[in-house]
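Visitor: next come a sequence and a model predicted from it.
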Amino acid sequence: MITKKINKTVIQLIQGDITEQTTDAIVNAANAQLILGGGVAGAIRNKGGSTIQDECNHIGGTFVGGAVITTGGNLKAKYVIHAVGPQMGEGDEDNKLKNATINSLKVANENNLKSIAFPAISTGIFGFPLERCAGIMIKETINYLQSKTKLEKVVFCLFEKSALNIFLDKLNLLITS
């Protein structure tokens, strides 16, 4: 586990399964229809139970770059923030990923959450390059934490060690202390 601090908020990088995180919320790399299919979303559906999909169905969807919140069902996390990242080739992908990251942090803050865990949004079946994802997500999180926030901990939970190393490289480039 790697830890850095921005103001009063800790940023942690860990290798692991996001569905096992005990943060207040975990982020689902969602599609705009909020259908919990494969990848991170499928793992959340399998461990969290049907309640999460039922709540997503009630919400009905959100825009690319948007984020909405549901309960965490049977997960250790109390909530799931569903962030819709871009699919490669749809245009303006970097800006859409930036918005998905910022909007997830805003939703957490608006719901008085103290901690949130992110996966590498859009890097699975959506085909977003991992290195670009890491740079955008780390930079936007740091920028967000420069302002007033209730968040005490932001975790980047990466499933593979290679992904963890890429996120660590980006974090070290942006934070020297």
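Guide: Yep, that arrived.
Visitor: do a quick rundown of the helices in the protein.
Guide: Assignment of helices within the chain using DSSP state H yields the ranges 39-48, 50-59, 93-110, 130-145, 161-174.
Visitor: quick one: residues contacting the residue nearest in space to the middle of the chain.
Guide: In the chain, the residue lying closest to the centroid (CA atoms, centre = their mean) is residue 118, at 2.9 Å. For residue 118, the contact set (CB atoms under 8 Å, 6 or more residues apart in numbering) comprises 18, 27, 101, 104, 137, 141, 154-157. In this view, the C-beta of every residue, glycine as well, is placed from N, C-alpha and C.
Visitor: again, only this time at 6 Å
Guide: Residue 118 makes contacts with 27, 156, as judged by CB atoms under 6 Å, 6 or more residues apart in numbering.
Visitor: so residue 55 touches residue 68, yeah?
Guide: No. Using CB atoms under 6 Å, residue 55 is not in contact with residue 68; the gap is 9.1 Å.
Visitor: who has more neighbours, those two?
Guide: residue 68 (21 against 17; other CB atoms under 10 Å).
Visitor: I'd like the distance between the more buried one and residue 103.
Guide: Separation of residue 68 from residue 103 (CB to CB, to the nearest Å): 9 Å.
Visitor: could you do residue 117 as well?
Guide: 16 Å.
Visitor: these two: which is more packed in?
Guide: For residue 117 versus residue 103, neighbours defined as other CB under 10 Å are more numerous around residue 117 (24 against 19).
Visitor: name the residues that touch stretch 151-162?
Guide: By CB under 6 Å, 6+ apart, the surrounding residues in contact with stretch 151-162 are 9-16, 18, 21, 23, 114-118, 141, 164, 167.
Visitor: among those residues, which are in strands?
Guide: Counted as lying in strands by DSSP state E, out of these, are 9-15, 115-118.
Visitor: now, which of these sits nearest residue 37?
Guide: Nearest to residue 37 among the ones in strands among the contacts of stretch 151-162 is residue 118, at 18.8 Å by CB to CB.
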